[in-house]
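>>> A predicted structure for the sequence below; I have some questions about it.
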Amino acid sequence: MDAIDYWKLCSEYSVVQAALLICGALPDTLQYEVHTNPRKRPEGFVAVETALCNAIRTGRLEPSAEVYDQDEFGTQSLNLHQTLVHVGDLNRFLIENGTYSAFFDRSAPHTAIGSQPGTRRFPPKLDAAIRAWTAVTGEPERLRGKSPKQALESWLIEHAAELGLLNRNGDPNRSGIEEICKVANWKPEGGATPTPSARVEATAPPLLMLPVPRPPIRLAPPEIVDDLDDEIPF
């Protein structure tokens with residue numbers, strides 16, 4: 001294993017460790033120097049650490065252990081080395097902010113992102129959307145002759161029971177599946193995905209825009225002069 005892979009044995013990380021790992025840096029010794037030596041800060045560290053701290057303070061990121069320090073004036077500050085955040089919550093935080101890190105995704109290939117034990121407050125519809133998107137994009141044959149929406153809908157119907165998408169009669173909840181498809185569909189304009197073909201067909205060369213030909217210029221016939229002198233003037 002690479003050195004960074006050993007950090008996957010942890011289920012919680014301090015704010016400093018999490019920020020370093022998100023930046024792709026090893027926290028081994030850097031976690032104790034990153035605040036005292038700005039030259040050793042990896043690119044993006046200050047922004048990531050600020051985002052994590054703000055999310056904890058506003059409640060968007062719930063820590064497993066929240067520790068504050070108090071100075072002589074009674075002012076409290078978040079202890080970035082002792083405050084711990086669960087890996088599942090870090091993974092959810094990244095996804096909600098449009099970022100994905102394979103390091104924090106501890107789900108198995110068939111398990112949804114964020115549905116692993118320990119992840120709190122993960123929306124079930126978002127979980128279903130991520131699972132459907134992962135399955136459909138990971139199995140190209142599901143898209144043969146189908147639009148992304150149709151492929152997603154088909155997968156959700158197949159797994160409606162395990163996703164809790166059944167109505168009182170035990171049938172797939174069509175309205176719920178429709179809403180989930182809107183979230184997971186990466187091609188909302190519609191249209192089926194072209195079916196791959198084993199035969200290689202020659203493609204036509206790109207068309208070139210030729211200039212529009214102009215009509216020929218018609219010259220007026222020369223005027224005939226009748227009073228020409230036949231005699232040579234010398």
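Structure's in. What do you need? Numbers count the residues shown, from 1 in each chain.
>>> rest of the way, CA atoms for contacts and neighbours
OK.
>>> for His13, give me the backbone phi and psi.
Not His; residue 13 is Tyr. Per-residue torsions, Tyr13: phi -140, psi 150 (degrees, to the nearest 10).
>>> and stretch 36-54, average pLDDT?
The average pLDDT for stretch 36-54 rounds to 93.
>>> I misspoke; the intended subject was stretch 149-167.
Stretch 149-167 comes out with an average pLDDT of 88.
>>> again with stretch 174-186
91.
>>> how about Asn91, nearest residue that isn't a chain neighbour?
Phe104 (5.4 Å; CA to CA, 6 or more residues apart in numbering).
>>> on the three-state scheme, that neighbour is what?
coil (DSSP: H, G, I helix; E, B strand; the rest coil).
>>> count the neighbours of it for me.
By the criterion of other CA atoms under 10 Å, Phe104 has 22 neighbours.
>>> how about Phe73?
That count, for Phe73 with other CA under 10 Å as the rule, works out to 6.
>>> ditto for the one 3 residues further on
One way to gauge burial is a neighbour count; for Gln76, by other CA under 10 Å, it gives 12.
>>> show me the contacts for it.
68-70 (CA atoms under 8 Å, 6 or more residues apart in numbering).
>>> equivalent analysis for Ala161, please.
Contacts of Ala161 (CA under 8 Å, 6+ apart): Pro172.
>>> which element is it on?
Taking DSSP states H and E as the definition, one finds Ala161 inside no helix or strand.
>>> same for the lowest-mean-pLDDT helix or strand in the chain, what does it pack against?
One helix or strand of the chain scores below all others by mean pLDDT, DSSP states H and E: helix 124-138, with a mean of 85. Judged by 3 or more CA pairs under 8 Å, 6 or more residues apart in numbering; DSSP states H and E, helix 124-138 is in contact with helix 148-158, helix 174-184.
>>> just the CA atoms of that helix, as PDB, please.
Output in PDB follows, covering the C-alpha atoms of helix 124-138 (Å, rounded to 0.1, in the frame of the first residue of the first chain):
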ATOM      1  CA  PRO A 124     -32.500   8.700   1.000                       C
ATOM      2  CA  LYS A 125     -33.600  10.100  -2.400                       C
ATOM      3  CA  LEU A 126     -30.100  11.500  -2.900                       C
ATOM      4  CA  ASP A 127     -28.700   8.100  -1.900                       C
ATOM      5  CA  ALA A 128     -30.900   6.400  -4.500                       C
ATOM      6  CA  ALA A 129     -30.000   8.900  -7.200                       C
ATOM      7  CA  ILE A 130     -26.200   8.300  -6.600                       C
ATOM      8  CA  ARG A 131     -26.700   4.500  -6.600                       C
ATOM      9  CA  ALA A 132     -28.700   4.600  -9.800                       C
ATOM     10  CA  TRP A 133     -26.200   7.000 -11.500                       C
ATOM     11  CA  THR A 134     -23.200   4.800 -10.400                       C
ATOM     12  CA  ALA A 135     -24.900   1.600 -11.700                       C
ATOM     13  CA  VAL A 136     -25.900   3.000 -15.000                       C
ATOM     14  CA  THR A 137     -22.700   4.800 -15.800                       C
ATOM     15  CA  GLY A 138     -20.700   1.800 -14.700                       C
END
